[in-house]
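Peer 1: Need a 3D model of the following:
(2 chains)
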There are 2 protein chains.
Amino acid sequence: MENISANKSFGGWQRQYLHDSTTLGCRMRFAVYLPPQASPQRRVPVLYWLSGLTCTDENFMHKAGAQRVAAELGLAIVAPDTSPRGADVADDEAFDLGQGAGFYLNATQAPWDRHYRMYDYVSQELPALIAAHFPVTGKPAIAGHSMGGHGALICALKRPQDYASVSAFSPICHPLNAPWGQKAFAAYLGEDRDTWQEWDASLLLAAAPQRLPLRVDVGLADSFLDTQLQPEALEQAAQACGYPLELYRHAEYDHSYYFVASLIEEQLRFHARHLGL
Amino acid sequence: MENISANKSFGGWQRQYLHDSTTLGCRMRFAVYLPPQASPQRRVPVLYWLSGLTCTDENFMHKAGAQRVAAELGLAIVAPDTSPRGADVADDEAFDLGQGAGFYLNATQAPWDRHYRMYDYVSQELPALIAAHFPVTGKPAIAGHSMGGHGALICALKRPQDYASVSAFSPICHPLNAPWGQKAFAAYLGEDRDTWQEWDASLLLAAAPQRLPLRVDVGLADSFLDTQLQPEALEQAAQACGYPLELYRHAEYDHSYYFVASLIEEQLRFHARHLGL
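Peer 2: The predicted structure is shown next:
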């Protein structure tokens, strides 16, 4: 694991690392914010942040302004990249497929199945690496934006025993019924739609074996709201099975990081309550 | 004036505009944050933010997290670009000369003198445009980072009657004695160093006719501190003439926007006191 950047931020440290991922079969970069409370003698809770289409580990750390609240709370934040990367990793010219668009699932179809195992990476390999090298406590929170909101939801709904709480900004709630999801799932998982169901948050929520604190924020001026995000699918699934979903709709806010920045404090304080902070 | 983007942010609006600048002889983009308190019926104070080398109007608005505090205070923020722009505007391959590196002065040497009049633009044309189109009060504050910190200092020191207060992160305090400043001044102003003096903050401060509230923050891990920034030159000039400079040195912080984001709240609250907020 190679440390490639370190910037003091709100009394803590913003760092980037490179490592060879065995799950993905390529070299990966990730970002970590360690609050001032973290030290070899004091472990702190950690939140995993999953970013959206075209993003890297940097977008959230540059634009969300999360470090201020994380420093106050004593919360570490880890942001992985959004796909495997590299010249020998399959890619596509479109922004919504291939590198930058891993969709946090395990691909089964060639050529994607060789590297695209982002679900195993963000839910297994990366947390094990973080636990081995950083002063963090056991059960993390998870959150994300757009494609990363979908990622956070499916990670938490598939393995609720591994997380303290989950939240999402503008998530793709029902990818089976959305153009981005259908395109990516067809490529990564093939045309048999039965195999898609285990990667759809609204379907997973309906069958959830265990309930986690779950918060979702969407903007009503988000141009993707009706076509790609469909929070009403998640809401209906939650109502049907009595899952305690906190869904907030915000007038005039859009899909951008200006929305994330405006509400990140509320989401981090939501997680803090469930992380014992 | 053409509005090209609008994003809801902390209850206010983050917008970008294009306009034809008569001072610069080219089309320019700028960014405005209007806090929720601003309306056709209520004017608010405004802070001008000048960015550093390679930046545009976007860097500060994306990375500093200033909107949160501006929304709380009721403060508008205007961020211009860092140079004239366009295919017919003189440029240089280096990052520290030409487009993205206007140094907030009025060039006298060809080919730069045709468009590079950033001092007149940020101190005259842009404030007049803003006053005509946005609900802002008269006397603004001004701040900036690195080359933009130099820009904020020279604007305020040359025309103290036009500003309520001035601050800078990591400014180039004495460009006559720094490689970035010497290179840019030689190109834009020519080899006669007597003409450089009116664009050097440390020399201007020593001769300042009127005193403004002035705050400077620098990071002690800033790799440019000794070679390019030289805050001690400004400090010595202030001590020699009794100018009330507030200079803060921050251990472990560097030259990045992580430093700006960590301290922007303190600088904005400094300005708020002098803007009557």
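
Peer 1: Contacts only, for A:Y258.
Peer 2: If you count contacts by Cβ atoms under 8 Å, 6 or more residues apart in numbering or on different chains, A:Y258 has them with B:7-9, B:14, B:67. Every C-beta, even on glycine, is put in place using the N, C-alpha and C of the backbone.

Peer 1: part of a strand, is it?
Peer 2: No. Using DSSP: H, G, I helix; E, B strand; the rest coil, the assignment for A:Y258 is helix, not a strand.

Peer 1: and A:R273, what does it touch?
Peer 2: A:P213.

Peer 1: For the helix or strand containing it, which residues meet the burial criterion?
Peer 2: In this assignment (DSSP states H and E), A:R273 forms part of helix A:257-274. Residues of helix A:257-274 classed as buried: A:257-265, A:267-268, A:270-272, A:274 (neighbour count, 16 or more other Cβ atoms under 10 Å in any protein chain shown).

Peer 1: Only the C-alpha atoms, please, for that helix, written as PDB.
Peer 2: What follows is helix A:257-274, C-alpha atoms only, in PDB (Å, rounded to 0.1, in the frame of the first residue of the first chain):
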ATOM      1  CA  TYR A 257     -22.500  17.900  -5.600                       C
ATOM      2  CA  TYR A 258     -24.000  21.300  -4.500                       C
ATOM      3  CA  PHE A 259     -26.900  19.200  -3.300                       C
ATOM      4  CA  VAL A 260     -24.600  16.700  -1.600                       C
ATOM      5  CA  ALA A 261     -22.600  19.500   0.100                       C
ATOM      6  CA  SER A 262     -25.800  21.200   1.300                       C
ATOM      7  CA  LEU A 263     -27.100  18.000   3.100                       C
ATOM      8  CA  ILE A 264     -24.000  16.000   4.000                       C
ATOM      9  CA  GLU A 265     -23.900  17.300   7.500                       C
ATOM     10  CA  GLU A 266     -27.400  15.900   8.100                       C
ATOM     11  CA  GLN A 267     -26.500  12.500   6.700                       C
ATOM     12  CA  LEU A 268     -23.200  12.400   8.700                       C
ATOM     13  CA  ARG A 269     -25.100  13.200  11.900                       C
ATOM     14  CA  PHE A 270     -27.600  10.500  11.100                       C
ATOM     15  CA  HIS A 271     -24.800   8.000  10.800                       C
ATOM     16  CA  ALA A 272     -23.100   9.400  14.000                       C
ATOM     17  CA  ARG A 273     -26.200   8.500  16.000                       C
ATOM     18  CA  HIS A 274     -26.000   4.900  14.900                       C
END
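
Peer 1: what sits opposite A:F169 in the beta ladder?
Peer 2: A:F169 has these beta-bridge partners by DSSP bridges: A:H145, A:D217.

Peer 1: check contacts around it.
Peer 2: A:143-146, A:149, A:216-218, A:259-260, A:263, A:267.

Peer 1: tally of neighbours for the residue nearest to A:T56 when sequence neighbours are not counted?
Peer 2: Among residues not flanking A:T56 along the chain, A:D81 sits closest, at 5.4 Å (Cβ to Cβ, 6 or more residues apart in numbering or on different chains). For A:D81, the number of neighbouring residues by other Cβ atoms under 10 Å in any protein chain shown comes to 25.

Peer 1: isn't A:D81 right up against A:T54?
Peer 2: No. Using Cβ atoms under 8 Å, A:D81 is not in contact with A:T54; the gap is 11.3 Å.

Peer 1: near chain B, which residues of the stretch 51-200 of chain A show up?
Peer 2: A:62-63, A:65, A:67-68 (Cβ under 8 Å from any Cβ of the partner chain).

Peer 1: Can you tell me which of those is nearest chain B?
Peer 2: A:G65 (3.5 Å; Cβ to the nearest Cβ).

Peer 1: So what's the predicted local confidence for the closest one?
Peer 2: Looking at A:G65, its pLDDT stands at 98.

Peer 1: cool, A:G138 as well?
Peer 2: A:G138 is assigned 85 on the pLDDT scale.

Peer 1: all helices for the stretch 1-150 of chain A, in order.
Peer 2: For the stretch 1-150 of chain A, the helices defined by DSSP state H, counting those that start in this stretch cover A:58-63, A:66-73, A:118-120, A:126-133, A:147-158.

Peer 1: pLDDT at the closest residue to A:A101 other than its chain neighbours, what is it?
Peer 2: Excluding the flanking residues, the one nearest A:A101 by Cβ to Cβ, 6+ apart is A:L53, at 5.3 Å. A:L53 carries a pLDDT score of 98 in this model.

Peer 1: Would you enumerate the residues in contact with A:L53?
Peer 2: A:82, A:95-96, A:100-101, A:146-147, A:180.

Peer 1: got those as TSV, with neighbour count and pLDDT columns?
Peer 2: As requested, the contacts of A:L53 are arranged in TSV below (neighbours: other Cβ atoms under 10 Å in any protein chain shown; pLDDT from 0 to 100):
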residue	neighbour count	pLDDT
A:T82	27	98
A:F95	12	97
A:D96	18	97
A:G100	21	98
A:A101	25	98
A:S146	25	98
A:M147	29	98
A:W180	22	98
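
Peer 1: Let's see which of those end up in strands.
Peer 2: Within these, no residue falls in strands by DSSP state E.

Peer 1: Measure how buried the closest residue to A:S262 other than its chain neighbours is and give me the count.
Peer 2: Excluding the flanking residues, the one nearest A:S262 by Cβ to Cβ, 6+ apart is B:F10, at 4.9 Å. B:F10 is flanked by 22 other residues according to other Cβ under 10 Å.

Peer 1: which residues touch B:F10?
Peer 2: Applying Cβ under 8 Å, 6+ apart, the residues near B:F10 are A:261-262, B:35-36, B:67-68, B:70-71.

Peer 1: if we go to 6 Å?
Peer 2: A:262, B:67-68, B:71 (Cβ atoms under 6 Å, 6 or more residues apart in numbering or on different chains).

Peer 1: what about it, distance to B:R68?
Peer 2: Relative to B:R68, B:F10 is positioned 5 Å away (Cβ to Cβ, to the nearest Å).

Peer 1: Kindly report the same for A:F95.
Peer 2: Taking Cβ to Cβ, one finds A:F95 at 29 Å from B:R68.

Peer 1: Which single one of the buried residues of helix A:257-274 is nearest to chain B?
Peer 2: Nearest to chain B among the buried residues of helix A:257-274, with distances taken as Cβ to the nearest Cβ, is A:Y258, at 4.1 Å.

Peer 1: Next one: the closest one from A:L176, what distance?
Peer 2: Computed as Cβ to Cβ, the A:Y258 to A:L176 distance reads 29 Å.

Peer 1: and what of A:A64?
Peer 2: 29 Å.

Peer 1: Which one of the two is surrounded by more residues?
Peer 2: In terms of neighbours (other Cβ under 10 Å), A:A64 is the more surrounded of A:A64 and A:L176; the figures are 27 against 17.

Peer 1: For the more buried one, list the residues it contacts.
Peer 2: A:A64 makes contact with A:260-261, A:264, according to Cβ under 6 Å, 6+ apart.

Peer 1: and those as JSON lines, adding pLDDT and distance to chain B?
Peer 2: JSON lines is the format used below for the contacts of A:A64 (pLDDT from 0 to 100; distance: Cβ to the nearest Cβ, whole Å):
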{"residue": "A:V260", "pLDDT": "98", "distance to chain B": "10"}
{"residue": "A:A261", "pLDDT": "98", "distance to chain B": "7"}
{"residue": "A:I264", "pLDDT": "98", "distance to chain B": "10"}
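
Peer 1: from these, which single one is nearest A:G190?
Peer 2: Using Cβ to Cβ, A:V260 is the member of the contacts of A:A64 that lies nearest A:G190, at 32.8 Å.
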